[in-house]
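Enquirer: here are the coordinates; sequence isn't available:
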C-alpha cells in the first residue's frame with residue numbers, strides 16, 4: 001500500500017471551532033482487494049470525529065475512499081492507513097474509524113482505530129430527563 005494516497009483529501013475551516021461537536025459518517029461502499037487472492041473485499045466504514053480547526057470535504061472523501069478499489073490491502077493495514085491520512089489532513093481533536101468487513105470464508109472482520117489529540121479531554125455528556133407527553137396540560 002502506498003504511503004500517500006493518490007487522491008488528495010480536501011478540507012474546509014470548522015465553522016464552529018470553539019465548540020466540540022460530533023460528526024458521524026457511514027460509508028457503505030468501501031472496497032479494496034485481498035492481497036492473497038486478489039478478490040474484492042467489501043466493508044462499511046463508520047467515521048466519527050470531533051473537529052479542531054478543519055473539517056473533511058465530503059466529495060474529496062468519497063473520491064479518496066474510491067481510490068482503494070484497485071489496491072491490495074489487509075483489513076488491518078487499510079483501516080490504519082485511512083485513519084492516518086484523515087488525521088494528517090484535518091488534525092482533529094478526536095477521530096474513530098470502524099471498518100466492518102463483510103463475511104469472507106465464514107469470518108466477519110471489524111477493525112476499530114482511534115486518534116486523540118494530545119491533552120484533549122472529552123467533556124461529559126449531559127443526559128436530560130425525559131418527560132411524559134403532554135404531562136402539564138389538561139385532557
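Expert: Arrived safely. Worth saying up front: this structure is predicted, and the values here are computed from it rather than measured.
Enquirer: give me the beta-bridge partners of the residue nearest in space to the middle of the chain?
Expert: Centroid-nearest residue in the chain, with Cα atoms, centre = their mean: residue 47, separated by 1.9 Å. Applying DSSP bridges to residue 47 yields these beta-bridge partners: residue 25, residue 97.
Enquirer: For it, give its distance to residue 127.
Expert: 25 Å (Cβ to Cβ, to the nearest Å). Glycine gets a C-beta too; all of them are placed from N, C-alpha and C.
Enquirer: do residue 72 as well
Expert: For residue 72 relative to residue 127 (Cβ to Cβ), the value is 45 Å.
Enquirer: more crowded one of the two?
Expert: residue 72 (16 against 6; other Cβ atoms under 10 Å).
Enquirer: helix or strand for the residue nearest to the more buried one when sequence neighbours are not counted, which one?
Expert: Closest residue to residue 72 apart from its sequence neighbours, by Cβ to Cβ, 6 or more residues apart in numbering: residue 35 at 4.0 Å. In this assignment (DSSP states H and E), residue 35 forms part of neither any helix nor any strand.
Enquirer: What separation is there between residue 27 and residue 90?
Expert: Relative to residue 90, and taking Cβ to Cβ, residue 27 is found at 16 Å.
Enquirer: Neighbour count: those two, which is higher?
Expert: Looking at residue 27 and residue 90 with other Cβ under 10 Å, you find the greater number of neighbours at residue 90, namely 21 against 16.
Enquirer: and that one, backbone torsions?
Expert: Phi and psi for residue 90, reported as degrees, to the nearest 10, are phi -120, psi -10.
Enquirer: Now it. Nearest residue, chain neighbours left out?
Expert: Nearest to residue 90 is residue 54, by Cβ to Cβ, 6+ apart, at 4.2 Å.
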